[in-house]
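> Any chance you can model this:
(chains A and B)
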Amino acid sequence: MTDVKQSTSAPLALDRADARVKHEAGIGGAVSAFLDRVRSGDLGSLPVIVGLVVIWTVFTSLNPVFVSSSNLVNLLFDCSTVGVIALGIVCVLMVGEIDLSVGSISGFASAMVGTLWVNQGWPIALAILAALAFGALIGSLYALLFNRLGMPSFVSTLAGLLAVLGMQLYILGSTGSINLPYGSALVDFGQLMVMPKWVSHTLAAIPGLAMLVSGLRTVARRRAANLSTPSVAGLILRVATITIGLELIVAYLNQSRGIPWMFGLFVGLVVAMNYALTRTKWGRSMTAVGGNREAARRAGIKVRAIYLSAFALCSLFAALGGVLAAARLASASQQAGTGDVNLNAIAAAVIGGTSLFGGRGSAYSALLGIIVIQSIASGLTLLDLSSSLRYMITGAVLAIAVIVDSLARRSRASHGRA
Amino acid sequence: MSESFERSASVGELVLSLRGISKNFGAVSALTDIDFDVHAGEVVALVGDNGAGKSTLVKILAGVHQPSSGTINFRGQPVTLPDPRAALTLGIATVFQDLALCENLDVVANIFLGNELSPLRLDEVAMEMRAWTLLNELSARIPSVREAVASLSGGQRQTVAIARSLLLEPKLILLDEPTAALGVAQTAEVLNLIDRVRARGLGVVMISHNMEDVRAVADRIVVLRLGRNNGVFEPDASNQDLVSAITGASNNAVSRRAERLRMERDHSGSAQAGEQRP
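I've put the predicted structure just below:
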C-alpha cells in the first residue's frame, strides 16, 4: 500500500458527463424508464403480452380445458410449423418488404418431400435439403426481380403465390395427396417426440444463465471502459424472474407429454435469429436498410445483398415450415399451405410487434405472435365453433395489431423516438 | 477566442489539388477546367449560384461521378476515385445534406454503420467508448448515444453525421450545405464544430449558400460560376464583390443598394459602415 493515493472522487462516467439528461438508477429507475418508453409509444412486446393474457382469460373462463397442460402441449406442436414461417416473414418485414407466397412455398416444400421421399425413394435428409434449397432459390429469384428490375415485392410474391401453388398441384398430380409413413423419424418428430424432463428443465435454465454471464461481463467491461453500468440488482432480478418463470412453465407442461422437440427447434431458430438480428453486422445492416435505404447505401452497406439475404431467408424458413407441417399432418396434400397459412404467418409477425413499415422488429415477435394466433384457433376449436368465426376473430386481432402499430408509430414520432 | 489564432497558425501541407477538371453530362458542360486546392487545417468554402457546379465537384471528390478530364492529386499523389468506397479509403469523407442517418438506429449504430467492430459479435462497449471519444473531441452536445437518432435535433444530427465522417480518420471532409436546414443556435453549433475539425488539422470543403456562415468559418472562398472558376476571395471580401462574382453581374439589387449607401454617405460626409451590411 505504498502506491500514490487514488483520486477519491471518481470522475463522471464518459456517458454521464452531460447534466441535461435524466438517467434513471436502480430498480425503481428501470421501472420508471420503462413506463416512460411505453407512454411515448415504444411499446415493444407489451401489447401482445396484454392481448395474450386477455385471450387466455376469456377462453379459460369459457372452457377450463384450454389451460390444461395437454392442450397447451398440442398448442406448442401447432405453433411450431407456422411459427417458423412467421420467423421468415420477420426477416422481410425488417427490410420493409413483404412475401405473400410463403404459404405456397411451404405447401410446395411439403409436396416435394412427399414426392421425393415417399414416391421416388430418396433418403429423407436429401429430400428435405432439396425442399429447403428450392425455397432459398425462390427467395433469391424475388430478390433478383426486386434488385435488378425494381419489381415491388408485393407484386412479385403475389405472382409467386400463384405460380408455386400451380407447381404444388402439378407434382402432386391426380392423387392429390401423399401420406407420409407413420413411425418414420419425420412424422414422429412432428407428432410425438418430446423432450425428457431433465432436458427441458436444463434448457429452461440456460437463458437465465446466459443472461447472467453476458450481463456481468458487460458490466465489468463497461466499468473498465469508464462507461455507466446497468444495475446488477436489476440484472439478477430479471434473471431470477425469467428462470423461475420458464422452469414453472416447463414443470406444468411436463405434467402431460412435455415440451415437443419441434417446438424446441422453433425456439432455437428464434434465439439464433434474434442474435443474428441484434448482435451482428448483418442484423445491423438489415435494420438500417429497413429504416433508411439510401443512408445505408451511402454508409457503404451492400443493400442488394441485404435484400437478397432477407428474401432468401424468408423463403427458406417458409420451406422448412412446410416440411414441419407435413410432418405434423403426416401427409403432403393439395391443401397444404393454402387457406390461412399465409396470412397467419404474416399476422403472427405483425401481432408480435414487427412493424410493417420496416426497420423495427424482433425475432421474438414470431414466437409471441404465433402463440396468440394458435391460442385463438385452439380456444375456438375447444368451444366447437366453426372456422368462419375463427377467421373473423383472427382478422379482427390482426386489424387491432396493425392499428396499435400505426398509433404507436405516430406517438413515437411525436415523442421523438424512431 | 483562440480559434482565430489556430486558423492562421495551422494551415499546412497541400491535401487536395485539382487541375483542369471538366465534367460533361452529354452535351452539357457541368464543370470546365476547374482548379481547386485545399490545405490541411483549412476551411475552403465553395459558393456559387444554383447550377454553378458545386455539387458536381463535391460528387467527383466523393467518388460518385468521374471527371471527363483533368487530374486529381491527393496528398501529392495522382489518384482516381471510381466509387465512394475508394474515396473513403483514401481519406475523403463526405457529409451529405440529407439522407445521411438511419433514424431508427441509435447514435452509436449510426456512427459505426458499415464499419462495425467485430461483425459476428458486435463489440458494443468498444463502439460506445469510441463514439463518446469522437463526440467529446468535437465538444458535441449529445445527451445520450443510446437514443435513436429520431430523438435528436437537426444540429445534433449534423453533429452525428460529422462525427461519423471522422471515424475513419479522413484527411479531407466535404460538407454539402451543413447548415441549410438548421436554426440559428444549431447553425452556430455546427460552425463551431467545423472550427474544431479544422483545429484537428483536417482540410474542410464546405458548400453553402449562406454568406454569413461562409464568412464565419472559411479561410478562403472559392466562387464557381457556370461551371468555371470565378475568383478566390478572402473571408473579409465585400458582399458586393462576392455577389457579383457569383451572379456575374455588377448591376443588381445588392450592388445598387451598396452604391446608393455610398452616395448617401458621401453626401452626408459621415462614416456609416453601411456597405458591410448585406
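> And the pLDDT at residue 26?
No chain in the question, so chain A it is. We have a pLDDT of 61 for A:Gly26.
> oops, I was thinking of chain B
Value for B:Gly26, per-residue pLDDT: 87.
> Could you measure from it over to chain A?
Here the criterion is CB to the nearest CB, to the nearest Å. By it, B:Gly26 lies 24 Å from chain A. (Each C-beta comes from the backbone N, C-alpha and C, glycine too.)
> can you check B:Ala218 too?
In terms of CB to the nearest CB, B:Ala218 sits 25 Å off from chain A.
> residue contacts, the residue nearest the centre of chain A?
Most central in chain A under CA atoms, centre = their mean is A:Ala366, positioned 2.5 Å from the mean C-alpha point. The neighbours of A:Ala366, taking CB atoms under 8 Å, 6 or more residues apart in numbering or on different chains as the test, are A:83, A:86-87, A:89-90, A:270, A:348-349, A:352, A:354.
> tell me which parts of the stretch 101-250 of chain B are close to chain A?
B:101-105, B:109, B:113-116, B:119-122, B:124-126, B:128-129, B:132-133, B:136, B:141-152, B:164 (CB under 8 Å from any CB of the partner chain).
> what's the neighbour count on A:Arg293?
A:Arg293 has 20 neighbouring residues, counting by other CB atoms under 10 Å in any protein chain shown.
> number of nearby residues for residue 102?
Picked chain A for this. A:Val102, neighbours per other CB under 10 Å, totals 36.
> Wait, chain B was what I had in mind.
B:Cys102: 28 neighbours (other CB under 10 Å).
> does it count as helix, strand or coil?
Here B:Cys102 is coil, with the state taken from DSSP: H, G, I helix; E, B strand; the rest coil.
> And the pLDDT for the spatially closest residue to it that is not a sequence neighbour?
In this structure, B:Cys102 finds its nearest non-sequential neighbour in A:Gly291, 4.1 Å apart by CB to CB, 6 or more residues apart in numbering or on different chains. We note a pLDDT of 92 for A:Gly291 in this prediction.
> can I assume B:Ile162 is in contact with B:Val197?
Yes: the pair B:Ile162 / B:Val197 is scored as a contact, 6.9 Å apart, by CB atoms under 8 Å.
> anything in contact with each of those two?
With CB under 8 Å, 6+ apart as the test, B:Ile162 and B:Val197 both reach B:138, B:173.
> hmm, back to that, the residues of the stretch 101-250 of chain B next to chain A, buried ones only, as a PyMOL selection?
Buried residues within these, by 16 or more other CB atoms under 10 Å in any protein chain shown, are selected in PyMOL with:
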select buried, chain B and resi 101+102+103+104+105+109+113+114+116+122+124+125+128+129+132+142+143+144+145+147+148+149+150+151+152+164
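> all helices for the stretch 51-200 of chain A, in order.
A:69-94, A:102-113, A:124-149, A:153-172, A:185-191, A:197-224 (DSSP state H, counting those that start in this stretch).
> List the contacts of A:Ser156.
Counted by CB under 8 Å, 6+ apart, A:Ser156 has contacts A:142, A:145-146.
> pLDDT value on the closest residue to chain A within the stretch 151-278 of chain B, please?
For the stretch 151-278 of chain B and chain A, the shortest gap (CB to the nearest CB) falls at B:Ser151, measuring 3.9 Å. Note for B:Ser151: predicted pLDDT of 83.
> ok, now A:Gly339?
80.
> And for the one 5 residues further on?
The per-residue pLDDT reported for A:Asn344 equals 91.
> Would you check how far apart A:Ala109 and A:Ile301 are?
Look at A:Ala109 and A:Ile301: by CB to CB, to the nearest Å, they are 31 Å apart.
> how does the chain divide into domains?
Looking at chain A here, since you left the chain open. A:46-194+A:257-407, A:195-256 (automatic domain parsing).
> The intended chain is chain B.
As recorded under automatic domain parsing, the domains making up chain B are B:3-238, B:248-278.
> Which one of those domains has the poorest average confidence?
Of all the domains of chain B, domain B:248-278 carries the lowest average pLDDT, namely a mean of 64.
> can you give me the helices in the stretch 101-250 of chain B?
Using DSSP H, counting those that start in this stretch, helices in the stretch 101-250 of chain B cover B:107-111, B:124-137, B:154-166, B:184-199, B:211-217, B:239-247.
> Tell me which of these sits nearest to A:Ala332.
helix B:107-111 (43.6 Å; CB to CB).
> helices or strands up against the closest one?
Here helix B:107-111 touches helix A:281-291, helix B:124-137, helix B:154-166, going by 3 or more CB pairs under 8 Å, 6 or more residues apart in numbering or on different chains; DSSP states H and E.
> which other residues reach the last one?
For helix B:154-166, the surrounding residues in contact (CB under 8 Å, 6+ apart) are A:299, B:93-96, B:100-101, B:107, B:110-111, B:113, B:131, B:134-135, B:137-138, B:140-142, B:149, B:152, B:173, B:175, B:178-179, B:181-183, B:185-187, B:189-190, B:193, B:197.
> In this structure A:Ser365 contacts A:Gly352, no?
Yes: look at A:Ser365 against A:Gly352 with CB under 8 Å: they come within range, at 2.7 Å.
> Spell out which residues are contacts of both of these two.
Counting by CB under 8 Å, 6+ apart, the shared contacts of A:Ser365 and A:Gly352 are A:45, A:48, A:90.
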